[in-house]
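A.B. asks: below are the sequence and a predicted model; questions follow.
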Amino acid sequence: MAEIFTPFLTAFILAYALRPVCLWLARHHLPRAAAAGIAMIIGLGVVFSILSLFIALLKTEIPLIKAQLPDWIQNTQAWLGPKLSEFHINFDWNTLKAGATQKITEHLNDNSDALMSSTFETVLMSGSSVIAGFVNAILILFVMFYLLLDWNHFFKLVRSIVPLRAQETIHHLAMHADGLLSQYLRGMLIVISIMSIFYSAGLSIIGIKGSVALGVFTALMIVIPYIGIALGFTLAVLAALLQFGPGAEIIGVLVLFGLGQMLEGFFLTPRLVGERIGLHPVAVLFALLLFGKLFGFFGVLLALPTSAVGLVLIQYGWSRYIQSPWYQK
């Protein structure tokens with residue numbers, strides 16, 4: 001069932017995120033269908049830009065690994081050789097260096113294209129085959145277009161199904177969830193924009209190659225709590241090691257990301273996003289693992305917005321429970 005629901009859930013979230021763009025275009029006297037189509041093109045442009053950033057990072061890091069590997073082995077020999085000699089352990093470092101360089105270079109040459117393609121498959125596919133990924137992509141675009149086109153009609157239909165006695169309650173919950181999601185999405189867009197400039201400028205000052213791509217990618221990964229910033233930090237440290245080796249640049253990256261976390265965690269997020277969606281950090285990790293297991297890579301991206309809706313329902317259910325005669329008595 002996860003494979004069936006994934007494209008529909010993805011299309012709904014994307015349509016929700018792009019609906020303000022569609023409404024803005026419609027207010028400027030564009031036909032509804034044209035507004036929906038242009039909004040989708042803008043959304044697809046953003047998605048492909050993110051993919052291009054990630055691929056650009058891979059193309060930068062892989063050649064650097066190949067170029068710096070012999071120096072790594074030589075530095076390791078200089079540091080580790082004397083320590084091993086104390087225990088009468090000797091290595092043929094020249095053979096090790098030549099063999100490791102050859103094997104890793106061959107592996108990177110043989111698998112760099114496969115790594116690029118597997119990245120596309122991981123991001124774009126929810127199934128296990130190219131055909132399934134293509135079908136899901138077409139289905140997502142189809143559903144997203146008609147949701148943007150008939151958003152109000154769709155929810156009027158849903159409302160007509162709800163019993164009259166429950167419509168006021170459902171409307172209240174929907175407005176609460178909509179306000180929470182809107183605040184989260186708007187706030188995250190502003191935070192990502194600010195942190196993109198911050199990380200890109202900081203990495204440029206340090207002298208990291210591909211600093212703009214790495215800075216923007218790190219800021220975009222903020223949408224995946226904990227995991228995203230850890231990935232961006234790891235890539236930045238790896239880039240500094242590959243270009244400069246152990247030195248002041250590593251300290252610069254540590255300071256930059258430390259300041260970035262303070263700026264984002266203590267200033268930007270509380271003021272622009274609020275306390276995220278009110279989930280405990282353990283609950284955030286649980287949501288990431290659960291939705292990632294059920295819906296793959298898209299599930300990780302959709303975990304927090306979907307959890308926000310679930311949180312509204314849980315809070316409402318809990319309030320009704322503690323007010324019920326069964327609980328009171």
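C.D. replies: Received it, and whenever you're ready, just let me know what you need.

A.B. asks: contacts for stretch 156-169?
C.D. replies: Among residues not part of stretch 156-169, those counted as contacts by Cβ atoms under 8 Å, 6 or more residues apart in numbering are 170-171, 316. Where you see a C-beta, it was placed from the backbone N, CA and C, and this is true even at glycine.

A.B. asks: now, the residues you listed that are in strands?
C.D. replies: Among those, no member falls in strands (DSSP state E).

A.B. asks: tabulate those residues (JSON lines), appending neighbour count, pLDDT and distance to residue 145.
C.D. replies: Compiled in JSON lines, those are given as follows (neighbours: other Cβ atoms under 10 Å; pLDDT from 0 to 100; distance: Cβ to Cβ, whole Å):
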{"residue": "170", "neighbour count": "13", "pLDDT": "83", "distance to residue 145": "26"}
{"residue": "171", "neighbour count": "13", "pLDDT": "81", "distance to residue 145": "26"}
{"residue": "316", "neighbour count": "14", "pLDDT": "83", "distance to residue 145": "32"}
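
A.B. asks: export those to TSV and tack on distance to residue 3?
C.D. replies: Written out in TSV, the entries for the contacts of stretch 156-169 read as follows (distance: Cβ to Cβ, whole Å):
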residue	distance to residue 3
170	29
171	32
316	30
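
A.B. asks: please identify the buried residues of stretch 182-202?
C.D. replies: Using 16 or more other Cβ atoms under 10 Å as the test for burial, stretch 182-202 gives 183-185, 187-188, 191-192, 194-196, 198-200, 202.

A.B. asks: just these: which are in strands?
C.D. replies: Members of the buried residues of stretch 182-202 lying in strands (criterion: DSSP E): none.

A.B. asks: can you tell me which of these is closest to residue 306?
C.D. replies: The shortest distance between residue 306 and any of the buried residues of stretch 182-202, using Cβ to Cβ, involves residue 184 and amounts to 11.4 Å.

A.B. asks: now residue 158. Its backbone dihedrals?
C.D. replies: phi -60, psi -40 (degrees, to the nearest 10).

A.B. asks: going by secondary structure, the residue nearest to residue 193 when sequence neighbours are not counted is in what exactly?
C.D. replies: If the residues on either side of it in the chain are set aside, residue 193 comes closest to residue 219, at 7.8 Å by Cβ to Cβ, 6 or more residues apart in numbering. Secondary-structure element containing residue 219, defined by DSSP states H and E: helix 211-220.
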